[in-house]
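# take this sequence and fold it.
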Amino acid sequence: MAKYIGPKSRIARKFGEAIYGADKAFEKKNYPPGQHGSAKRRKKMSEYGTQLQEKQKAKYTYGILEKQFRKIFEKAAHKSGVTGEILLQLIESRLDNTVFRLGIAPTRSAARQLVGHCHITVNGKVVNIPSYLLREGDIVGVREKSKSLEAIVSSLEGRMTRLPWLEWDASKMSGKFMSYPTREDIPETIKEQLIVELYSK
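Predicted coordinates for the structure are as follows:
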């Protein structure tokens, strides 16, 4: 999933939702991809199919491969609390996702690239692992030498969203991961319980 380089609008149409953000092509063709599109009669999806599709949607949304996704689920399953909510909290605490949420990068794939190219620091130290899981209180910042990068500057200029679990300091170009988000605060429309049911079989 993380290495998918095909047309993103096609994936959005598959799930009937603009999972990669604003998408003019999706808005124009808001029906399933394929030769017959919306005219094709589709069979009612099975329970397993619905659960599998929800997992695929989550993986495409966050750009996580199956092996990574399962490891996060297993970690969530061993924690006390609602497994589905903990799963999303752990995914949201990934470094690449946090870089995206802070507005340092315009997309998650761009955030992974920034992390992989050593432009991002955690608590003052360069971390080049996109899947790195943050803890409460961690400071995510832009490396001093990278603060003038056009891609980062332009992304921050267009930063609009403010999320309650993140605190941004524009003067330092850094953000604080204050706490794990509640399910109500996570904007993604993922039915995490279906994923839990799938992995619990």
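# use CA for all of it now, contacts and neighbours both
OK.
# run a quick neighbour tally on Glu74.
13 (other Cα atoms under 10 Å).
# what segments of this protein are strands?
120-122, 125-126, 139-142, 166-169, 174-177 (DSSP state E).
# the residue positioned nearest the centre of the chain and Ser154, how far apart?
For the chain, the residue sitting closest to the mean C-alpha position, by Cα atoms, centre = their mean, is Tyr62 at 3.0 Å. Computed as Cα to Cα, to the nearest Å, the Tyr62 to Ser154 distance reads 22 Å.
# pop the domain breakdown of this protein in here.
8-90+188-199, 95-179 (automatic domain parsing).
# one step back: can you say which of the strands of the chain is nearest to Ala111?
strand 120-122 (9.3 Å; Cα to Cα).
# what pairs with that closest one, parallel or antiparallel?
Strand pairing for strand 120-122, determined by DSSP bridges: strand 125-126 (antiparallel), strand 139-142 (antiparallel).
# low-confidence ranges, this structure, go.
For the chain, residues meeting the criterion pLDDT under 70 lie at 1-43.
# longest helix in it, by number of residues?
Longest helix of the chain, by residue count under DSSP state H: helix 47-62.
# list the buried residues in that one.
For helix 47-62, burial by neighbour count (16 or more other Cα atoms under 10 Å) applies to 51-62.
# got the end-to-end distance for stretch 93-113?
Stretch 93-113 end-to-end distance (Cα to Cα) = 17 Å.
# ranking the strands paired with strand 120-122 by burial, who's on top?
Mean neighbour count (mean count of other Cα atoms under 10 Å) peaks for strand 139-142 among those, with a mean of 24.
# which residues touch it?
Here strand 139-142 makes contact (Cα atoms under 8 Å, 6 or more residues apart in numbering) with 99, 119-124, 172-177.
# just send those back as a markdown table, with neighbour count and distance to Lys75 too.
Converted to a markdown table, the contacts of strand 139-142 look like this (neighbours: other Cα atoms under 10 Å; distance: Cα to Cα, whole Å):
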| residue | neighbour count | distance to Lys75 |
| --- | --- | --- |
| Val99 | 27 | 22 |
| His119 | 21 | 28 |
| Ile120 | 29 | 25 |
| Thr121 | 19 | 25 |
| Val122 | 20 | 22 |
| Asn123 | 13 | 24 |
| Gly124 | 15 | 27 |
| Lys172 | 11 | 33 |
| Met173 | 18 | 31 |
| Ser174 | 22 | 28 |
| Gly175 | 24 | 25 |
| Lys176 | 22 | 23 |
| Phe177 | 22 | 20 |
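# no more questions from me, cheers.
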